[in-house]
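> structure for this input, please:
(one chain, ligands or ions: 1)
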Amino acid sequence: MPKFIFVVGGVMSGVGKGTASASIGKILQGKGFRVTAVKIDPYINIDAGTMNPVEHGEVFVTEDGDETDQDIGNYERFLNENIYSDNYMTTGRVYQTVIQKERNLEYGGRCVEVVPHVPEEVIRRIRRAGKIAKADFVIVEVGGTVGEYQNVLFLEAARMLHQRRPDDVLFVLVSYLPIPSKIGEMKTKPTQQAAQLLNAAGIQPDFILCRAEQPLDEPRKRKISIFCNVDKRDVISAPDIDTIYEVPLNFEKEQLGQRILSKFYMRARQKDLADWKKLIKTIKTAKGEVRVGIVGKYFTTGNFVLSDAYISVIEAIKHAAWAHNCKPVLTWLNSEEFEKDPSKLKDLKQLDGVIVPGGFGSRGVEGKIKAIQYCRENKIPYFGLCYGMQMAVVEFARNICGLADANTAEINPKTTNPIVHIMEEQGNLIKNKKYGGTMRLGAYPCILNKKSLSYKAYGQRNISERHRHRYEFNNAYREQFEKAGLVIAGTSPNNSLVEIIEIKDHPFFVGVQFHPEFKSRPLNPHPLFKEFISACLKSRK
Ligand code: GLN
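Alright, predicted model coming up:
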């Protein structure tokens, strides 16, 4: 039976519960335990796949093809392990199962009620995830903030599990302590109130992680300890730091791992986070710089700029840059700006390389194509991810092969040159409005062309990468494009789907139909990102 650590948020969202959960997992993993992490999202959606990335952030894709919250990506990056669909649940999923069970007469004729049947299903899922992963510890991150209507049933599940197994369950409250500029002092009251809200749900936090711009000082630690009924040693300072990967080490400064183990009457099996410490050292001492531009469109909400929609891409760039002992400098380029003012394209010259990440729909697409053309013509390293690959072949068709109306069928279904088209099966799904969870999702094998740059990067012919798309390169154009200089660098094993394209006589021009960013880890940077950064560094010189 594993131990369960529930991580809940107080005061406000966006304070780094995901990072905190992943970091707690990392610390325990470092002490020699098997750890897995579960994410609970309190909305009705069955998965994150149908949500707008500007509002919800990136849709992360697991090996087994689930479209999840970006926190699952955090867990994978910290734990350096694959996390599967079993570790992700939403209110929608839980209710769907309960209702299906009722239809199957699995409740034996009883009245099926919100409590206890819904929390029971939540508990069943958490336990199953622990069992499948053969985990010593299951970290369970409850989305949302305490006091919200939406996550009440999940807190109820946590309370019930604790009531049944008091020795196997701990609660961590990740709170936020504001420092209002006019007051100039860190305030603890919102955290006290968050703890009270948690108490009202029948839960006493064992730990409070105090997120703030600055470290927690002694008087405030004492105050939180007294008013929130938590041992002072378990009130943990969690100030802003430069890299999220340092969070586990920061928590360890306050002995968080040891404190958790002692509450479970357990002992560390090893004393080690050596590879992680080495990583942090590399991050901090990295010397050179590499400038990478990301041309996308999911940046702004109201007056605020967010980069959450591309988090795995950003992290993958960082991992690869660190592997080359340099610091990444990222620039956000809104593709729509290139449409309004093409003279801005020359700003791309300031960069060492450009990435066009995944995307959907027509907004900003022409700007992306212009940026890709500029990179191709000016020999700026270019890396296209999914939509970025599809746009690269459209650009190639238009400007090298002279097919002026070339397009993807996603944008212009009537084009006479659908360079990227939809597979029949996918087309039928759309016709029947079957949008949810029906893209080509998850890991698929790919065979590399031995004469490609990609092969050089991977150092092997057989690879497997994660996908999330409906459209594909149209094989009718394969021969013509190859003659014009396009390299088909990777295909599905039966050769029916083009998975990677490259362009010859260019320092780095690679487009991939998959999302390599999902498999990049700080301790295991992705080979294509590494090769891309290497080209960027060369072009910098
Ligand atoms: N919109 C494209 C497709 O569905 C690309 C998807 C993506 O970039 N993830 O095929």
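> pull out the buried residues from the host helix or strand of Ser225.
When secondary structure is defined by DSSP states H and E, Ser225 falls within helix 218-228. The neighbour-count check on helix 218-228 (16 or more other C-beta atoms under 10 Å) flags Arg220, Lys221, Lys223, Ile224, Ser225, Cys228 as buried. Using the backbone N, CA and C atoms, a C-beta is placed for each residue, glycine as well.
> now the second one, nearest residue through space, not along the chain?
Okay, so that is Lys221. In this structure, Lys221 finds its nearest non-sequential neighbour in Val235, 4.9 Å apart by C-beta to C-beta, 6 or more residues apart in numbering.
> name the residues linked to that neighbour by a beta bridge.
Under DSSP bridges, the beta-bridge partners of Val235 are Ile208.
> in contact with it, which residues?
When contacts are counted by C-beta atoms under 8 Å, 6 or more residues apart in numbering, Val235 touches Phe207, Ile208, Cys210, Leu216, Lys221, Ile224, Ser225, Cys228.
> which element is the closest residue to the last one other than its chain neighbours on?
Think Cys228. Nearest in space to Cys228, with sequence neighbours left out and distances taken as C-beta to C-beta, 6+ apart, is Ala195 at 3.9 Å. Counting by DSSP H and E, the element that carries Ala195 is helix 189-200.
> gap between that helix and the chain center?
In terms of C-alpha atoms, centre = their mean, to the nearest Å, the centre of helix 189-200 is set 29 Å apart from its chain centre.
> what comes up buried for that helix?
For helix 189-200, a neighbour-count test (16+ other C-beta under 10 Å) marks Thr191, Gln192, Gln193, Ala194, Ala195, Leu197, Leu198 as buried.
> that older thread, and the residue nearest to Lys221, how far from the ligand?
With distances taken as C-beta to the nearest ligand atom, to the nearest Å, Val235 is found 42 Å from the ligand.
> which helix in the protein runs the most residues?
The longest helix of the chain (DSSP state H) is helix 114-132.
> what's the angle from the helix or strand following that helix to helix 114-132?
Downstream of helix 114-132, the first helix or strand assigned by DSSP H and E is strand 137-145. Our comparison of strand 137-145 with helix 114-132, counting by axes from the mean of the first three to the mean of the last three C-alpha atoms, to 10 degrees, yields an angle of 140 degrees.
> mind listing what strand 137-145 pairs with, with the direction of each?
Each strand paired with strand 137-145, and its direction, by DSSP bridges: strand 3-9 (parallel), strand 35-41 (parallel).
> how about the ones you listed, which one is nearest the ligand?
Closest of the strands paired with strand 137-145 to the ligand is strand 35-41, at 20.2 Å (criterion: C-beta to the nearest ligand atom).
> now the buried residues of helix 218-228 as JSON lines including pLDDT and distance to Gly184?
Compiled in JSON lines, the buried residues of helix 218-228 are given as follows (pLDDT from 0 to 100; distance: C-beta to C-beta, whole Å):
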{"residue": "Arg220", "pLDDT": "96", "distance to Gly184": "14"}
{"residue": "Lys221", "pLDDT": "96", "distance to Gly184": "19"}
{"residue": "Lys223", "pLDDT": "96", "distance to Gly184": "17"}
{"residue": "Ile224", "pLDDT": "97", "distance to Gly184": "19"}
{"residue": "Ser225", "pLDDT": "97", "distance to Gly184": "23"}
{"residue": "Cys228", "pLDDT": "97", "distance to Gly184": "23"}
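> as a markdown table, these with distance to Asp341 would be great.
Supplementary listing: the buried residues of helix 218-228 in a markdown table, determined by distance: C-beta to C-beta, whole Å:
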| residue | distance to Asp341 |
| --- | --- |
| Arg220 | 50 |
| Lys221 | 52 |
| Lys223 | 54 |
| Ile224 | 51 |
| Ser225 | 56 |
| Cys228 | 53 |
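> out of the residues you listed, who's nearest Met1?
Taking C-beta to C-beta as the measure, Cys228 is the one of these closest to Met1, at 28.6 Å.
> pretty sure that closest one sits against Pro190.
No: in this structure Cys228 lies outside contact range of Pro190 using C-beta atoms under 8 Å: 11.5 Å.
> figure out how far stretch 170-180 is from the centre of its chain.
Relative to its chain's centre, stretch 170-180 lies at 23 Å (C-alpha atoms, centre = their mean).
> before we move on, back to that, nearest to Ile380, out of the buried residues of helix 218-228: which one, please.
Distance ranking of the buried residues of helix 218-228 against Ile380, using C-beta to C-beta, places Arg220 first at 49.6 Å.
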